[in-house]
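Whatever this is, show me its structure:
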Amino acid sequence: MIEIIFYGRGGQGAVTASQILAAAAFSEGKYSQAFPYFGPERKGAAVMAYARISATPIEVRNPIEKPDIVIVLDSSSLKNFELLNSLKSNGVAIINTNKSPEEIKSRLENKDVKVNTIDATALSEKIYGQSSIPRTNVAMLGAIAACGQIINLESILTVIDQYFTGDDAPKAKESAKLAYEEAINKNR
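Numbers count the residues shown, from 1 in each chain. All right, here's what the predicted structure looks like:
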């Protein structure tokens, strides 16, 4: 089973991203679940969402404490880097930042994690224009698809139509595709 925590700010779509990921995994014949951490919800407040993906039925329902993957939608969440210290050994962090993976990793206690970075904020501004709360969630899903055998990009693109309508659906798909391509090119 792969356990994932999404960290973001209210309005960035961490909960939606976890739901899209779980639905995409389900569409591939995997078992999945997604659920938010409930706290004082308001736009701009810290938000956590969880996702699990498995080849076998998932019987646990509790919050994730030691994730395999951490997705950080808002790099301002990394002020103390505590978010990444919960990762399992050999875990993966995918972070929305313009910093290099080496720069992030040099500040971590747990040195055996893999760090992938992508500037999802810049991608969001390119597609949606500038905003006080950039839409980074779907771009981060593209980056997840690029990092391995967790989920296929095509599954994410198909599920996006269930969550976005009008002009938002093609923009969300473009965001995921651009992030996927950027992440693939960075990791060559």
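
tell me what the helix or strand bottoming out on mean pLDDT in the chain is packed against?
Lowest by mean pLDDT, DSSP states H and E among the helices and strands of the chain is helix 82-85, with a mean of 77. If contacts are counted by 3 or more Cβ pairs under 8 Å, 6 or more residues apart in numbering; DSSP states H and E, helix 82-85 sits against strand 69-72. Heads up, the C-betas are built off the backbone N, CA and C, glycines and all.

so what secondary structure elements neighbour the strand it packs on?
strand 2-9, helix 82-85, strand 92-96, helix 137-146.

which residues sit against it?
Residues outside strand 69-72 that contact it (Cβ atoms under 8 Å, 6 or more residues apart in numbering): 2-8, 14, 17, 78, 83-84, 86-87, 91-97, 140, 144, 150.

which neighbours does that strand have in its sheet, and in what orientation?
Sheet pairing of strand 69-72 (DSSP bridges) gives strand 2-9 (parallel), strand 92-96 (parallel).

I'd like to know how many residues surround N116.
When neighbours are defined as other Cβ atoms under 10 Å, N116 has 19 of them.

For it, give its distance to T97.
Note on N116: its distance to T97, by Cβ to Cβ, to the nearest Å, is 10 Å.

Quick one: mean pLDDT for stretch 23-31?
Stretch 23-31 shows an average pLDDT of 97 in the prediction.

Only the buried residues of that stretch, if you could.
For stretch 23-31, burial by neighbour count (16 or more other Cβ atoms under 10 Å) applies to A23, A24, A25, F26, S27, K30, Y31.

Repeat that for stretch 82-102.
L83, L84, L87, K88, G91, V92, A93, I94, I95, N96, T97, P101.

Now it - C-alpha only, PDB.
Below are the C-alpha coordinates for stretch 82-102, written out as PDB (Å, rounded to 0.1, in the frame of the first residue of the first chain):
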ATOM      1  CA  GLU A  82       9.000  19.100   9.800                       C
ATOM      2  CA  LEU A  83       6.500  18.000   7.200                       C
ATOM      3  CA  LEU A  84       9.200  16.000   5.400                       C
ATOM      4  CA  ASN A  85      10.600  14.300   8.500                       C
ATOM      5  CA  SER A  86       7.500  12.100   8.800                       C
ATOM      6  CA  LEU A  87       8.400  10.300   5.500                       C
ATOM      7  CA  LYS A  88       9.200   6.600   5.600                       C
ATOM      8  CA  SER A  89      12.700   5.500   4.800                       C
ATOM      9  CA  ASN A  90      13.200   5.800   1.000                       C
ATOM     10  CA  GLY A  91      10.100   8.000   0.800                       C
ATOM     11  CA  VAL A  92       9.500  10.600  -1.800                       C
ATOM     12  CA  ALA A  93       8.800  14.300  -1.400                       C
ATOM     13  CA  ILE A  94       7.300  16.200  -4.300                       C
ATOM     14  CA  ILE A  95       7.500  19.900  -3.600                       C
ATOM     15  CA  ASN A  96       6.200  23.000  -5.400                       C
ATOM     16  CA  THR A  97       9.200  25.300  -5.300                       C
ATOM     17  CA  ASN A  98      11.800  26.900  -7.500                       C
ATOM     18  CA  LYS A  99      14.600  25.500  -5.300                       C
ATOM     19  CA  SER A 100      16.600  22.500  -6.400                       C
ATOM     20  CA  PRO A 101      16.100  19.100  -4.900                       C
ATOM     21  CA  GLU A 102      19.600  19.200  -3.500                       C
END
